[in-house]
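Enquirer: Okay, here's the prediction I keep looking at, along with the sequence it came from:
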Amino acid sequence: MKITFQIHYKTQWGQGIGLIGGHNALGAWQEDALIRLAYAGNDLWTCTIDVEENALVEYKYLLIDQHNQLHWEGGENRHAGPFAVKQCFLHDTWQATHNQAEVMYSKVFTEVVFKPSAITNGQGQSQQKGMLQLRLKTPRIGHGQGVGVIGNTACLGLWNKPVLLSNAHYPLWTADLPLDAADRMIRYKYVIINLSNNEIISWEKGDDRQISLPDDFDLDSLFVCQDTDLRYDLNPWKGAGLAVPVFSLRSQESFGVGEFNDLKKLVDWCAITGLKMIQILPINETVATHSWLDSYPYKSISVKALHPMYLNLKKMGVLDDDTLMREFEQKKVVFNQLPHVDYVDVTRTKARYFKLIFDQNWSLVSRKKSYKKFFSENKDWLVPYAAFCYLRDKFKTSNFRLWEGFAAYDPQQIASLTDPTQPFHEHIAVHYFIQYHLDIQLTEAVDYAHKKRIGLKGDIPIGISPDSVEAWTEPMLFNLAGQAGAPPDDFAIMGQNWGFPTYNWDEMAKDGFAWWRGRLRMMEKYFDAYRIDHILGFFRIWEIPQHALHGLLGYFKPGLPVTAAECEKHGIWFDHDRFVKPYIREHFLRDFFGDFTEEVRKNYLNETDYNVFELKPAFDTQKKIHAHFTPEGETRNITLKEIIIRDGLMGLLDEVLFIRDPNSDVPAYHPRIALHYTYTYRDLDQETRNKLNELYIHFFYRRHEQFWKEQAMAKLPGIVQASKMLVCGEDLGMVPQTVAEVMKQLNILSLEIQRMPKNPRVEFGHPDDAPYLSVCTTSTHDMSTIRGWWEEDREKTRRFYHSILGHNDITPFFAEPWLCQEIIRQHLHSPAMWTIFPIQDLIAMDGTMRWDQTDKERINVPSNPENKWQYRMILSLENLLHAKSLNKLIHDMVHLSGRDTAY
C-alpha cells in the first residue's frame, strides 16, 4: 500500500520539511534516516512511501533549517491507519510548538466541562475506497451540540444540508464521505449544529477550506484530511471556581471534619451558582505524630495514600452493636457543634471506628472482587505504606531511623512482615481496608462531580516528609541532609523552613522521572487539574542546612556560588571570618535582648576579643538553641523571657554575609539573602557595601537565569506530559524572569493575586492585566481573606480603595458585602482562563451569611511552623444550598462575566 503525505508549510529560503516515524519506511524515529519531503508548489510539501496493507503508522513532521538543524513540530505524535486500500493520501496541518489552544485538550475540558454525548451517526466507523475522511480536533463544543461540515459537493450537502460528524474518538470529530469521480476541487466549512433540531447554530469564520484532490487519486483510493482548530468567531473560553480544603467543609452527615462525601453537596452548590471547578488542598496521609502537627496537609507520609479522616463512617458500614453506634452518633453531635476542626480528637475517634468496622466486616470485604481488584492495582505502594503505618505505631515514631531492625527498607523483609499468616496481620490489613474505602468514597464524589460537569483540581506539594514511606523506601531519590523552604517574602520575613528533604534530581532523571510520573498518574485517578505547589522548585529549591531553622540561612540549589577570588574581582576583599562566621558585637546586643543582655552575655556567649563574641558550643546552631528552650517531648509553654532570649540567639546566627556551599569541591559561597537588614552589613564601610550590592544584585537576579531555565526544561516537559490534567503553577515569591517563559512554553497556568503583583513597580495588581493562561484569585490559603486583609493595614486598604476600585470617598472600616462584590466582580471580568475564589470570599458578599469572626477564617500563617490547620466553615453545605439570595448573586455575576458558557 502506498501512503502519500501532504502538508502546507510556508518555509524560508533554504529550509525544508522532513518526515519521521516508527515504521522502518519512516526511519524508525532515527533522525539521520528521516525523509525529506519534495516541494510541490503553493507551500505544499509531499512524499510517498510503501507500507504493508493495514499498517499502523505513527509519525511527525520536522522543519529543516538552513543549517540542517531539525525543529520538531509540536503536539502529540500523529497516527494513521489501518487502511484497507491500495493508496491513501494524508493531508495534514502543521502542529505549532507552542499553541495555547492545546490547553483545551486537557482532562478538565475533554472529560468534564465539554464532554459530549456519543454521536456516531454512521460516520467515522469505516475507511473505504473512494472516500474522503475529514478529521477535525476540537474540544470546545457546547452541551447538546455537535460539529457538522457543509460544502460544494453532494457528499457535503451542496452548501444546503450539513453532515454531522462522529465524536467516537472525541475530541476528534470525523466524517467518512463518498466521493464522485467528478469531485476534484472541494470547498467546505465546519459548523456547529443544534442536536435537538439539526439546525446550524454557527458557521466557522474565515475563507472556505479547500482540498484539491491529486491527479492520481481515484475511487480505489482514500483521502484523509486532518484539520485542526475550529475557527470560532468567539472570545477565549473562561470559567470560574472555588477553593476550599476538604477538611473545612461542614455538613449534617460529616463527623467533625469535612469528608469526601461532602464534596457532592458542594458540587450541587457549584451547579446552582455556575462554578465549574472545585480546588482543594492536598488530601494525602499525614499521620506521623498523632498530634496537631499532623494537620499540616503539605507534609505527607505517603504521596499516594489518602488521609483516613476524610472517610464517612456510615458509608463504610454500620456497627452491629447499637450501643457503640449511639456513642459515635453522640460524638458526632459534639464535634459538629465546634466552630473548628478538633483534629486530634476527631482522628482518634475515627481511628477507633475504623478498627471496629474492620473487625466486623474484613472477612467479607477481603473476598470482594472490587477489593481484590483494588489491592492488585495498588499493592506496589499499598503494602509498603501499610507496613510503614504498622511500624510507626509499633515503635511509636514515624522516624524510621529509630525502628530497630527495620531502619533500612528491605523488600523481602517487608514481604515477610506483611504476610497474611503473621499473627499481627490485622494491624497491617486494616490500612488496606481504610484505603479501599477511601478510594470508593472519593471516586464516588468524583463521578458525581463529572456528571454535573464540575472539575476537581488537586494540589501536589513540592516536598515530602523526611519521615515518610518514600524517604524510607526510596532514599536515593532525596537529599535527606537538606531542608526545603523559601526565602523571605510577604508571607514570612525570616523565610520559610518546611522541613522537607530536597530532591536528588540527577537520580530521578535516570529513569525519566518515573517517580513523578507515577505520582501524577495516581492523582489523575481523581483530579482533572492540579496546582504545582511552589513550581519554582523545579527551577531551583531553597535549601536550608540541617542545623538551621530560619529560611534566612538558605541558598538556592542548584546554584552557582561565588569563590573568594571572584569576590575579589568585584573589588571585595574576602575576609572569611568576618563574612561567613556570625558577626556578634557588643554595640547591638541590647537590640536583641534588652534587659536580658547581661544574662545572655554570661550564659550563652564567649568573648573572643574586646566587645567581640561567639556563641558557646552548646548554642552554636539554631537547632541546638531551639532544643535547649523547647526540649523534645516537653509540652510546657516557655516564658516571654525565654522566647526573647531564644529568638535573639537564633537571630545572632543570621548575622552573616555569606553562606558556605556544602556541595562545592572548592570553597564557594552564596550571599546571604536579605543581608542588607543585618548589623554585619551596616557595619561595613560604604565602598564595600556598594561592591557587595553589585555582587548581590547580579547573583540573585542575573547570574542564574539561563542556568535555572535549563534545569526546569530538563524536568518539567516530561513530568507535565505524564498526565492529561490541566497544569497550574504556584509561581509566587522570588521568581526568576525565565519562569514565566517556561510556563508559557509548556502551557502551565500562572497564579495571579492582586495583593502580590509580579510587577515590582506596582503595589497592587489589576485583574485586567492577568494573562489568559492564568488562575486569577483574591487570596490563597496562605493569606488572609478579603475581609481579614482589609482590616490589617488601614493605609494600604485606603490606597487600594482609591486607586484600584476607583472610589474617592472615605474608605470603609470593614470590607462590607458590596465592597467584596466589587472585588469579586473585578476578578470575574479579568482575561484569565480561570478565576477561582476562596469560599470565604464568596460568602463574604452576603452580610447575612458570612461569619462575624473574620480572623477565624484564615487557614494558614506561613511564618508559624506550628500553625493549626483547623478552619471549618461556620455555614453548613445544607444551609448554603438554600441561601437563595447569595446563590442568585453569584450565579448572576458569573453569568454576566461570560464564565458559564461553552463559548
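Expert: Cool, the structure landed.
Enquirer: dump the residue contacts of the spatially most central residue of the chain.
Expert: Centroid check for the chain by CA atoms, centre = their mean gives residue 531 as the closest residue, at 1.9 Å. Contacts for residue 531 (CB atoms under 8 Å, 6 or more residues apart in numbering) come out as 279, 457, 458, 459, 460, 728, 729, 730, 751. Heads up, the C-betas are built off the backbone N, CA and C, glycines and all.
Enquirer: among those, which two are most distant?
Expert: With CB to CB as the measure, no two of the contacts of residue 531 lie farther apart than 458 and 751, at 15.0 Å.
Enquirer: and residue 541, bridged to which residues?
Expert: For residue 541, the beta-bridge partners are residue 557 (DSSP bridges).
Enquirer: low-scoring stretches of the stretch 401-550 of the chain, by residue?
Expert: Along the stretch 401-550 of the chain, the model assigns pLDDT under 70 to no residue.
Enquirer: just the stretch 51-200 of the chain next, same as before
Expert: By pLDDT under 70, the low-scoring segments of the stretch 51-200 of the chain are 121-128.
Enquirer: and the protein, what are its domains?
Expert: With domains defined by automatic domain parsing, the chain comprises 2-228, 240-473.
Enquirer: With respect to burial, which of these scores highest?
Expert: Among these, domain 240-473 has the highest mean neighbour count (mean count of other CB atoms under 10 Å), at a mean of 19.
Enquirer: so what's residue 798 closest to, chain neighbours aside?
Expert: Leaving aside its chain neighbours, residue 798 sits nearest to residue 811 (4.4 Å; criterion: CB to CB, 6 or more residues apart in numbering).
Enquirer: no no, residue 638
Expert: Closest to residue 638 by CB to CB, 6+ apart is residue 629, at 5.7 Å.
Enquirer: ok, how many other residues are close to that neighbour?
Expert: 17 (other CB atoms under 10 Å).
Enquirer: sorry, back to before: and the residue nearest to the centre of the chain, that's in a strand?
Expert: Yes - Residue 531: assigned to a strand according to DSSP: H, G, I helix; E, B strand; the rest coil.
Enquirer: what's across from it in the sheet?
Expert: Beta bridges link residue 531 to residue 459, residue 728 when assigned by DSSP bridges.
Enquirer: For the remainder of this discussion, apply numbering that starts at 40.
Expert: Got it, first residue is 40 now, which makes that one residue 570.
Enquirer: Compute the distance between it and residue 493, please.
Expert: 17 Å (CB to CB, to the nearest Å).
Enquirer: cool, and residue 40?
Expert: Counting by CB to CB, the gap from residue 40 to residue 493 is 46 Å.
Enquirer: Residue 436 is in what secondary structure piece?
Expert: Under DSSP states H and E, no helix or strand contains residue 436.
Enquirer: quick one, what contacts it?
Expert: The contact partners of residue 436, taken as CB under 8 Å, 6+ apart, are 442, 506.
Enquirer: what does the one 10 residues further on give?
Expert: With contacts defined as CB under 8 Å, 6+ apart, the neighbours of residue 446 are 439, 440.
Enquirer: doesn't it fall inside a helix?
Expert: No - looking at residue 446 with three-state DSSP, it is coil, so not inside a helix.
Enquirer: thinking again about what came up before, now do the SS call for the residue nearest to residue 837.
Expert: Assignment for residue 850 (three-state DSSP): coil.
Enquirer: Hmm, it is touching residue 832, no?
Expert: No - contact criterion CB atoms under 8 Å: residue 850 and residue 832 do not qualify, at 11.4 Å.
Enquirer: More neighbours: those two, which one.
Expert: residue 850 (16 against 11).
Enquirer: Show me what the strand or helix carrying residue 84 packs onto, helices and strands only.
Expert: Using DSSP H and E, the element containing residue 84 is strand 83-89. On a contact count with 3 or more CB pairs under 8 Å, 6 or more residues apart in numbering; DSSP states H and E, strand 83-89 meets strand 41-47, strand 55-60, strand 74-75, strand 77-78.
Enquirer: rerun at 6 Å
Expert: strand 41-47 (3 or more CB pairs under 6 Å, 6 or more residues apart in numbering; DSSP states H and E).
Enquirer: State the distance from the residue nearest to residue 310 when sequence neighbours are not counted to residue 764.
Expert: Closest residue in space to residue 310, ignoring its immediate chain neighbours: residue 491 at 4.8 Å, by CB to CB, 6+ apart. Remark: distance between residue 491 and residue 764 (CB to CB) = 19 Å.
Enquirer: With residue 440 instead?
Expert: Taking CB to CB, one finds residue 440 at 35 Å from residue 764.
Enquirer: what do you get for residue 396?
Expert: According to CB to CB, residue 396 stands 33 Å off from residue 764.
Enquirer: And residue 55, by the same measure?
Expert: 37 Å.
Enquirer: Repeat that for residue 797.
Expert: 24 Å.
Enquirer: Comparing the two, which shows the higher neighbour count?
Expert: Neighbour count, other CB under 10 Å: between residue 797 and residue 764, residue 764 has more, with 24 against 17.
Enquirer: does residue 250 sit in a helix, a strand or a coil?
Expert: Three-state assignment for residue 250 (three-state DSSP): strand.
Enquirer: which stretch of helix or strand covers the closest residue to it other than its chain neighbours?
Expert: Spatial nearest neighbour of residue 250, chain neighbours left out: residue 225 (4.3 Å); criterion: CB to CB, 6+ apart. Here residue 225 sits within strand 224-233, counting by DSSP H and E.
Enquirer: which residues touch that strand?
Expert: With CB atoms under 6 Å, 6 or more residues apart in numbering as the contact definition, strand 224-233 has outside contacts at 184-192, 195, 201, 239-243, 247-251, 269.
Enquirer: next SSE after it?
Expert: Assigned by DSSP H and E, the successor of strand 224-233 is strand 238-242.
Enquirer: who does that following strand pair up with?
Expert: Looking at strand 238-242 with DSSP bridges, its partner strands are strand 224-233 (antiparallel).
Enquirer: Nice, that's everything, thank you.
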